[in-house]
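K.L.:
missing the sequence, but the structure's below:
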């Protein structure tokens, strides 16, 4: 199989910058052709348009006046103005594309052009809640978590039967989100309309990134909302167990990506998600925990790793260029891109952007490109398509100590890839700030039958290795601090 390379774009900011650069309004209907050419060149397979749905005026007003957000705007966008605040794209008032972004026709045209370029479209699905402006709050109030009286985390909502106290959406470990209302997944009617909403989104794209997908799990939901009891019996099936097969039956090949934490990734994979966020690897990489990263990846079932979305940043995380030096960044980038599973990149990551943008802003600071970092990403991404990396069989190898008393092999990630035997590729990354050595046992058929040319596709080094030695001892590796190499093995002699 071929593992996807997902590229997340902040749609509102990106279109704003294209418009400023070209001196005319640019929507999804008329994105310049060079954008598609560049995505093809870099080997992306899926484009995630983050934030295409409509946000309401009340959510925008809350985003404009919340003191904590205003401080974040000050840090991210010096001299910001009220018109720069668009409201959170996760306060959805309607799953329709606003006219300023090109409307539904613009989205369809953009998707058609992606398909012509061999790429696919990913959109947001925000299952846990709806925007505080959503018409269902007054028209269908029974769909939402609510209280008979005012309690913390609720707001007054007029309805045809009188005022109701609706709960804001929340993650149980943090304060509620005041610009959204919590849907009640204990109610069959809520599940029905949200399955219909999901199917409506699926008609317009090739996959969805599901926001905070674990919040809908029956036990998680019951714990989160136990202080808001209802009389209906608890649901028997999980929402995702009901919804995902229906969409996949209608749209074979449709992709489900879950934002998920709290060790619940495997459960969501079992319920039908193709990929789940790999937050653990992210944490190990940015916290400089190489041995922890290696240990966890080797201990996990291979099926779990291949169903994980590996990343160094996204719109919820700090910019990785602000966290890691260039050598650290290069090693971490090749680790993420060299593993089996989804490879997940973020707009600005490839040019060294350092400012984390609040999602409520519709404009961002245009940062200078870090040319050395841009060249690093281009070198890796344009090299991968000519290799087996991301295609076929990828296998994490378990390094052995290069000599007794040398633990540095615990700092290395080694991944073997093969599509067309006998040739194969090996990704090798040293996540430590010092040289590391190991022997890596290769799992390649007919290894002993050849001598092997071992060429670093990201550097200038070429070696010859004797096949019988590789079988008996393994592949000896000695990498400098934060070394990152991609070796292509081909038989010689």
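P.N.:
Right, received. Where do you want to start? Remember, it's a predicted structure, so these values are computed and weren't measured experimentally.
K.L.:
so what's the most centrally placed residue in the chain up against?
P.N.:
Per Cα atoms, centre = their mean, the C-alpha nearest to the average position across the chain is that of residue 344, at 5.0 Å. Going by Cβ atoms under 8 Å, 6 or more residues apart in numbering, residue 344 touches 5, 6, 8, 309, 310, 311, 314, 336. Backbone N, C-alpha and C define where each C-beta goes, glycine included.
K.L.:
list the beta-bridge partners for residue 453.
P.N.:
Per DSSP bridges, the residues bridged to residue 453 are residue 464, residue 490.
K.L.:
what distance do you get for it to residue 402?
P.N.:
Using Cβ to Cβ, to the nearest Å, residue 453 is found at 22 Å from residue 402.
K.L.:
in the stretch 151-300 of the chain, which spans are helices?
P.N.:
For the stretch 151-300 of the chain, the helices defined by DSSP state H, counting those that start in this stretch cover 188-202, 218-224, 239-250, 265-270, 279-286, 290-299.
K.L.:
quick one: closest of the ones you listed to residue 428.
P.N.:
When the helices of the stretch 151-300 of the chain are compared by Cβ to Cβ, helix 290-299 sits nearest residue 428, at 12.0 Å.
K.L.:
quick check: next helix or strand after that closest one?
P.N.:
Counting by DSSP states H and E, the next helix or strand C-terminal to helix 290-299 is helix 302-306.
K.L.:
ok so, going back, for the helices of the stretch 151-300 of the chain, give me JSON lines that also has distance to residue 364, mean neighbour count and mean pLDDT.
P.N.:
Formatted as JSON lines, the helices of the stretch 151-300 of the chain follow (distance: least, Cβ to Cβ, whole Å; neighbours: other Cβ atoms under 10 Å; pLDDT from 0 to 100):
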{"stretch": "helix 188-202", "distance to residue 364": "26", "mean neighbour count": "16", "mean pLDDT": "98"}
{"stretch": "helix 218-224", "distance to residue 364": "33", "mean neighbour count": "16", "mean pLDDT": "97"}
{"stretch": "helix 239-250", "distance to residue 364": "33", "mean neighbour count": "17", "mean pLDDT": "98"}
{"stretch": "helix 265-270", "distance to residue 364": "30", "mean neighbour count": "20", "mean pLDDT": "98"}
{"stretch": "helix 279-286", "distance to residue 364": "22", "mean neighbour count": "20", "mean pLDDT": "98"}
{"stretch": "helix 290-299", "distance to residue 364": "31", "mean neighbour count": "18", "mean pLDDT": "97"}
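K.L.:
burial count for residue 481?
P.N.:
Counted by other Cβ atoms under 10 Å, the residues lying close to residue 481 total 15.
K.L.:
wait, it sits on residue 327?
P.N.:
Yes. Assessed by Cβ atoms under 8 Å, residue 481 is found in contact with residue 327 at 6.9 Å.
K.L.:
tell me which of the helices of the stretch 151-300 of the chain lies nearest to residue 102.
P.N.:
Residue 102 lies closest to helix 188-202 among the helices of the stretch 151-300 of the chain, at 16.5 Å (Cβ to Cβ).
K.L.:
show me what that closest one is packed against.
P.N.:
Applying 3 or more Cβ pairs under 8 Å, 6 or more residues apart in numbering; DSSP states H and E, we find helix 188-202 packed against strand 120-125, strand 207-210, helix 239-250.
K.L.:
now those as CSV including distance to residue 175?
P.N.:
Formatted as CSV, those follow (distance: least, Cβ to Cβ, whole Å):
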stretch, distance to residue 175
strand 120-125, 22
strand 207-210, 22
helix 239-250, 24
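K.L.:
of all those, which one is nearest residue 461?
P.N.:
Among these, strand 120-125 sits nearest to residue 461 (Cβ to Cβ), with 36.3 Å.
K.L.:
which element follows that closest one toward the C-terminus?
P.N.:
Next along the chain after strand 120-125, taking DSSP H and E as the criterion, comes strand 129-131.
K.L.:
list the neighbouring strands of that next one plus their orientation.
P.N.:
Sheet pairing for strand 129-131, using DSSP bridges, gives strand 177-182 (antiparallel).
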